[in-house]
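Q: have a look at this fold, sequence not included:
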């Protein structure tokens, strides 16, 4: 029996990342679409995107997201996943972080044309991500109201959410939502993303195994994947692949470095490295159509 294919997610830019060490972070809709196409050709089935404004700062403007989606779909049929986090801004006077409001984030549910999937940080945390442009710890809130509003909408339209498990206790928060009937704990299209090297979660086998075991105990049929921040990106990818994960996320939102420690030039360099790593375990990359089947997605109007 052939090994399960791996769904590769390319997180292209995030909200704060800038060009550095020869790595080109896509900012404009045209640049994002070009990187999406190159990642698709390299083996990515899903593209995760943040929008930027004309100054290169993150934005929650649905118009910009719409342009990004249209440009990508003009080039290829890769699945598109928009963030529901938007990203942080800095106050131009004080330099303090300003997180988006729930209303700003909920507005992204009404983007037209619709994305294929959504991504959401399912718990609040002390956000610490030097490789992603957040060198100091800062509180990041994800309110229960935001989750209770977002999740029924996404599942009602035939899509799914990638739950970014900022810490293992987030699984227990989601379990309470399941007890309320907000999500079905036995559904097979739930998608859990286990992170390492971001916030206060270490990129270790012990941490991943515990988080994965708690997820499986509470959500036995959920799909799951891994994310590694900074130079832990391919450490986490290797651990997840060895544990038969469903998805692996790479890309400049989380890290610019290849497994050998050298910076990638474009996002597809990291996708190619993930494909090689998966191939060493006899796991081929899933196509967008295969990923659509994995998550039971309806095809949004295009």
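A: Happy to help now that I have it. Since the structure is predicted, the reported quantities are computational estimates derived from the model, not experimental observations.

Q: tell me the buried residues in stretch 203-218?
A: The neighbour-count check on stretch 203-218 (16 or more other CB atoms under 10 Å) flags 203, 207-208, 211-212, 214-215 as buried. Using the backbone N, CA and C atoms, a C-beta is placed for each residue, glycine as well.

Q: surely residue 243 meets residue 212?
A: Yes - using CB atoms under 8 Å, residue 243 is in contact with residue 212, at 6.6 Å.

Q: run a quick neighbour tally on the closest residue to residue 259 other than its chain neighbours.
A: Nearest non-adjacent residue to residue 259, counting by CB to CB, 6 or more residues apart in numbering: residue 234, 4.4 Å away. For residue 234, the count of nearby residues is 21 (other CB atoms under 10 Å).

Q: who touches residue 234 in this structure?
A: Applying CB atoms under 8 Å, 6 or more residues apart in numbering, we find residue 234 in contact with 228, 250, 258-259, 273-274, 277.

Q: do residue 278 as well
A: The contact partners of residue 278, taken as CB under 8 Å, 6+ apart, are 6, 8, 241, 248, 284-285.

Q: let's see that with 7 Å instead.
A: With contact set as CB atoms under 7 Å, 6 or more residues apart in numbering, residue 278 has these partners: 6, 241, 285.

Q: among these, which ones are in helices?
A: Counting by DSSP state H, the contacts of residue 278 place residue 241 in helices.

Q: which of the contacts of residue 278 tops the neighbour count?
A: Going by other CB under 10 Å, residue 6 tops the contacts of residue 278 with 27 neighbours.

Q: would you mind naming the residues that bridge with that one?
A: Residue 6 forms beta bridges with residue 285, as assigned by DSSP bridges.

Q: find the nearest non-adjacent residue to residue 61, please.
A: Nearest residue to residue 61 in three dimensions, chain neighbours excluded: residue 51, at 6.4 Å (CB to CB, 6+ apart).

Q: any idea how far that neighbour lies from residue 162?
A: The spacing between residue 51 and residue 162, counted by CB to CB, to the nearest Å, is 17 Å.

Q: swap in residue 68?
A: To residue 162, residue 68 is 18 Å away according to CB to CB.
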